[in-house]
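Peer 1: let's see this in three dimensions:
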Amino acid sequence: MTIQQLNNSHSQQIVNLILPIQQIEFNVPITLEKQQDLLDIEKHYIGPGGNFWGVIHDNEVVGTIALIATGHNAGAIRKMFVKKEFRGKELGIAQQLLDELLRYCQQNNITDLYLGTVEILKAAHRFYERNGFQKISKEDLPDYFPFMQPDTIFYHLHMQA
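Peer 2: Numbers count the residues shown, from 1 in each chain. Reported below is the predicted structural model:
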């Protein structure tokens with residue numbers, strides 16, 4: 001398994017990973033139409049100074065994480081998903097993906113990270129909290145945070161420059 005930068009050539013695999021996790025596994029009421037960014041990774045993530053990474057196993061994307069550069073030395077984490085059979089501390093895929101994103105942030109002078117998630121993703125909440133993210137209210141998000149409709153729980157991480 002390797003972590004690599006993903007681009008538009010991976011869009012269909014990314015959709016095939018993320019949508020079933022959102023819709024079927026966790027019943028999050030979101031459709032592809034509300035996530036058009038998945039169809040143009042280069043425009044929405046890479047072009048503005050962020051990135052989109054994936055874990056590839058046997059030519060299949062089995063995990064993803066993305067960063068939207070928002071300016072203000074800040075970014076928003078998006079699309080953190082790992083296929084069910086690849087989750088857990090044994091393989092450590094989620095941690096490897098987050099570590100890759102954090103390295104990118106350090107190299108690119110991004111010192112504040114924000115993310116939104118949903119109530120049902122309790123394991124994700126614990127994961128972010130173990131990694132130093134602090135839960136914040138929606139009102140405490142900066143005005144440049146790219147809000148996603150289903151999100152109700154928000155986190156912030158301040159890193160030293």
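Peer 1: what ranges do the strands span in this structure?
Peer 2: Secondary structure of the chain (DSSP state E): strands located at 2-5, 51-57, 60-71, 74-82, 112-117, 134-136, 153-158.
Peer 1: strand partners (parallel or antiparallel) of the shortest one?
Peer 2: Strands flanking strand 134-136 in the sheet, each with its direction: strand 153-158 (antiparallel) (DSSP bridges).
Peer 1: what comes up buried for the strand it pairs with?
Peer 2: Under the neighbour-count criterion of 16 or more other C-beta atoms under 10 Å, strand 153-158 has Ile153, Phe154, Tyr155, His156, Leu157 buried. Quick note: C-beta positions are derived from backbone N, CA and C, even for glycine.
Peer 1: any chance of those in JSON lines, plus pLDDT?
Peer 2: Output for the buried residues of strand 153-158, formatted as JSON lines (pLDDT from 0 to 100):
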{"residue": "Ile153", "pLDDT": "97"}
{"residue": "Phe154", "pLDDT": "98"}
{"residue": "Tyr155", "pLDDT": "98"}
{"residue": "His156", "pLDDT": "98"}
{"residue": "Leu157", "pLDDT": "98"}
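Peer 1: would you format the residues you listed as TSV with distance to Glu139 included?
Peer 2: TSV is the format used below for the buried residues of strand 153-158 (distance: C-beta to C-beta, whole Å):
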residue	distance to Glu139
Ile153	13
Phe154	9
Tyr155	14
His156	12
Leu157	18
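Peer 1: among the residues you listed, which one sits closest to Val62?
Peer 2: Comparing the buried residues of strand 153-158 against Val62 with C-beta to C-beta places Tyr155 closest, at 23.7 Å.
Peer 1: for the closest residue to that closest one other than its chain neighbours, give its distance to His156.
Peer 2: What sits nearest to Tyr155 in space, not counting adjacent residues and going by C-beta to C-beta, 6 or more residues apart in numbering, is Phe133, at 4.0 Å. According to C-beta to C-beta, to the nearest Å, Phe133 stands 7 Å off from His156.
Peer 1: what's around Leu115, how many residues?
Peer 2: Neighbour count for Leu115, taken as other C-beta atoms under 10 Å: 21.
Peer 1: from what I see, it and Gly75 are in contact.
Peer 2: No: under the criterion of C-beta atoms under 8 Å, Leu115 is not in contact with Gly75, lying 9.3 Å apart.
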